[in-house]
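A.B. asks: show me the folded form of this:
(2 chains, ligands or ions: 3)
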Amino acid sequence: MAAETGWKPDAAQAIIEAGKSAPGALLPILHALQDAFGYIDRSAVPVIAEALNLSRAEVHGVITFYHDFRAAPPGERVLKLCRAESCQAMGCETLVAHLAARHGIAVDATTTDGRLTVETVYCLGNCALSPAAMLDGELLGRVDAALLDDLCRPQPGSVS
Amino acid sequence: MSAPTRIFVPRDAAALSVGAERVAAALATEAERRGVPIEIVRNGSRGLFWLEPLVEVETAAGRIAYGPVKPADVAALFAADFLHGGAHALALGLTEDISYLKNQERLTFARCGVIDPLSVADYRAHGGFAGLERALGVAPAEIVREVTSSGLRGRGGAGFPTGIKWKTVLDTPAEQKYIVCNADEGDSGTFADRLLMEGDPLCLIEGMTIAGLAVGASEGFIYLRSEYPHAHRVLNAAIAVAEAAGYLGASVCGSGRAFRLEVRLGAGAYICGEETALLDSLEGKRGVVRAKPPLPAISGLFGQPTVINNVISLASVPWIMAHGAAAYAAFGMGRSRGTLPIQLAGNVKRGGLIEKAFGLTLRQLIEDYGGGTASGRPLRAVQVGGPLGAYFPESLLDTPLDYEAFLAVKGMLGHGGVVVFDDTVDLAEQARFAFHFCAVESCGKCTPCRIGAVRGRETVERIIAGIERPKNFAVLDDLCTLMTDASLCALGGLTPIPVVSALTHFRQDFERARPVPPAE
Ligand SMILES: Cc1cc2nc3c(=O)[nH]c(=O)nc-3n(C[C@H](O)[C@H](O)[C@H](O)COP(=O)(O)O)c2cc1C
Ligand code: SF4
Ligand code: FES
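C.D. replies: Numbering: from 1, shown residues only, chains lettered A, B, ... in the order given. Ligands and ions are numbered 1, 2, ... in the order given. The predicted structure follows:
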């Protein structure tokens, strides 16, 4: 989900405290932080490290290992565009080219106005309805240029 | 007033992705407007995705299907009296008689799309928990024997006999053992795990519980990829429902034996589908592949004996326990026993899930079920088994879907994903992508993969650009041999499969002149 607010250290601390006693707590904590804020602020690293009795390097290493975790806030909306083989077979790279040519939007970047982040993903499990994408957690099938044009219009929100 | 007519509108993510939610809303509104009593059941999907949103109406004659339905069709459907199976352009007849479905052998997916995924009563009414009840009445070793003699092999990709794995865990004494379900389903072209988890989650829960009873494990984890938020919600709800009904918890069905289940999310790393990387990830670490031995069956999650199986492997167990190993083994061919849920995807008219006994050929699958390419252009290549699987030309389409038959043509069945490409595909670009994917997803532990994938991508790019082709073909051959022989796990070890198959069957794509170099 897109971030609605900025990073709140107190709220972050509470999330970390609430999750720290489960076995293998680090990933669930990181997910909870990203769900709440849209990204994981650097300032969380020492707090998590202390709560879980890990080194800062270990925590940093985990955050950077996984493609999901963001170090900076995303745009208001996040579009994950599948670029794996089944979607390739149905033209997902044409969509990538369309975003660039028509809207000046690059994949794996956020628009300068902060409205939209487009990210590459490899398979959303919707391969029988390729090309697939996920918009703010909502799965989309048979994505076409018109749908992307809709999304890139000044007033976002209508993708039906 | 007459009882409300039951209408089924899937809540499966794929159905939602083409508007099932809006269709359900339109149905409710129109029924209200007309004052007609209906009950909308949100089932899973039947896996006939080109027909989604597929709406089914329960009639005296059986369930009648309409699809693909758009919100704008709803008023006309009511006008055509679809509540009594009335004729309409979208009418498909009895769902069970749709040939795509009728010709399948649905054992593991028997309930998927049929029942309300979160109703224990529905689940039981369709044979659910019969396997667990039998398992509760026999010794652990008996369960393991049953699974072994069914011939079930892991559906996650490696095809290892499930019963043998379970026996190792059963025979390894420990205070705490674990059942881990591999729901990372990272292969492009696959969605069977997702479909089952959303459409019949209690079946997976039952399978994991039986596994727990079989090996003496009281705790289970489902490691679910984060790309599946819908499945996440359904699984959590299903666990709560199963707990409330006494099927999970401190005393499974009052047996005094405990089994608890928790869902954990991955974080977008393909390598976390590899079982040892998955275990590290569950422990809260980077998903780096562990050297084997020790086997996870002996020292797995938190160092304890652990069964780790794919979703479909585990979800096949309730049927085997309920109907017997012999009944399951009666399906299939050679050493591939039972059924394989095949996922037909890519450039194909009728993509979906086809659960069939092993032995169907690719051609039967793509032509009879798939109806040819979606674009209407000639088929050129088929990739089987995900990103590490081979690209086959038309001439190999008569290969039967069977573990050994695929090895014989230098491919693999993997998780059963089949991706069709038409004649616009460029196999040199697909080979480049295979290396690119490996480079992006490598865990970095061993050099052949970490460095080899990047070099491989560069080398294919040079070949595409026409730079020193003979020399670069030789480099590519060496690299593929090195990665195959010296990688620690199958990500590096099998990336040469798509590359070499492209080189073998589609050499002309690498050799022809190109007007422009590739992007990126
Ligand atoms: C790179 C890589 C990715 C894998 N991804 C998956 C996956 O997404 N799902 C899965 O069940 N198995 C996957 N596997 C296979 C697992 O390592 C393991 O064989 C499987 O979980 C065992 O369960 P099974 O015997 O029931 O198939 C992958 C293996 C490799 C090397
Ligand atoms: S082959 Fe690649 S993914 Fe597998 S262990 Fe080596 S570096 Fe990691
Ligand atoms: S390959 Fe795009 S959804 Fe599976």
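
A.B. asks: stretch B:393-408 vs chain A: in contact?
C.D. replies: No: Stretch B:393-408 lies out of reach of chain A by C-beta under 8 Å from any C-beta of the partner chain, never closer than 15.1 Å. C-beta coordinates here come from the backbone N, C-alpha and C atoms, glycine included.

A.B. asks: can you tell me the residue of the stretch 151-300 of chain B closest to ligand 2?
C.D. replies: Closest to ligand 2 within the stretch 151-300 of chain B is B:Val289: 3.6 Å, counting by C-beta to the nearest ligand atom.

A.B. asks: any idea how far that residue is from chain A?
C.D. replies: As judged by C-beta to the nearest C-beta, to the nearest Å, B:Val289 and chain A stand 12 Å apart.

A.B. asks: same check, this time on B:Gly452
C.D. replies: Applying C-beta to the nearest C-beta to B:Gly452 and chain A gives a distance of 19 Å.

A.B. asks: and the residue nearest to that residue when sequence neighbours are not counted, what helix or strand is that in?
C.D. replies: Spatial nearest neighbour of B:Gly452, chain neighbours left out: B:Met483 (4.6 Å); criterion: C-beta to C-beta, 6 or more residues apart in numbering or on different chains. Using DSSP states H and E, the element containing B:Met483 is helix B:469-486.

A.B. asks: averaged pLDDT, that helix. What do you get?
C.D. replies: For helix B:469-486, mean pLDDT rounds to 97.

A.B. asks: just list what it packs against, helices and strands only.
C.D. replies: Contact analysis of helix B:469-486 by 3 or more C-beta pairs under 8 Å, 6 or more residues apart in numbering or on different chains; DSSP states H and E lists helix B:447-465, helix B:490-494, helix B:496-505, helix B:507-511 as its packing neighbours.

A.B. asks: buried residues, that helix. List them.
C.D. replies: By 16 or more other C-beta atoms under 10 Å in any protein chain shown, the buried positions in helix B:469-486 come out as B:Asn472, B:Phe473, B:Val475, B:Leu476, B:Leu479, B:Cys480, B:Leu482, B:Met483, B:Thr484.

A.B. asks: could you double-check that the residue nearest to B:Gly452 lies in contact with B:Thr495?
C.D. replies: Yes: judged on C-beta atoms under 8 Å, B:Met483 makes contact with B:Thr495 at a distance of 6.1 Å.

A.B. asks: returning to what we had before: how about the buried residues of helix B:469-486 in TSV, adding distance to B:Thr59?
C.D. replies: Output for these, formatted as TSV (distance: C-beta to C-beta, whole Å):
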residue	distance to B:Thr59
B:Asn472	64
B:Phe473	63
B:Val475	65
B:Leu476	60
B:Leu479	61
B:Cys480	57
B:Leu482	62
B:Met483	57
B:Thr484	56
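
A.B. asks: residues of the stretch 351-500 of chain B that sit close to ligand 3?
C.D. replies: Within the stretch 351-500 of chain B, no position is near ligand 3 by C-beta under 6 Å from any ligand atom.

A.B. asks: in the stretch 351-500 of chain B, what residue is nearest ligand 3?
C.D. replies: Closest residue of the stretch 351-500 of chain B to ligand 3, C-beta to the nearest ligand atom: B:Val419 (7.6 Å).

A.B. asks: that residue belongs to a helix?
C.D. replies: No: judged by DSSP: H, G, I helix; E, B strand; the rest coil, B:Val419 forms no part of a helix; its state is strand.

A.B. asks: how many neighbouring residues does the closest residue to ligand 1 within the stretch 101-250 of chain B have?
C.D. replies: Per C-beta to the nearest ligand atom, B:Gly154 is where the stretch 101-250 of chain B lies closest to ligand 1, at 1.9 Å. Residues lying near B:Gly154 (other C-beta atoms under 10 Å in any protein chain shown) number 20.

A.B. asks: got the phi and psi for it?
C.D. replies: Here is the backbone geometry of B:Gly154 (degrees, to the nearest 10): phi -50, psi 130.
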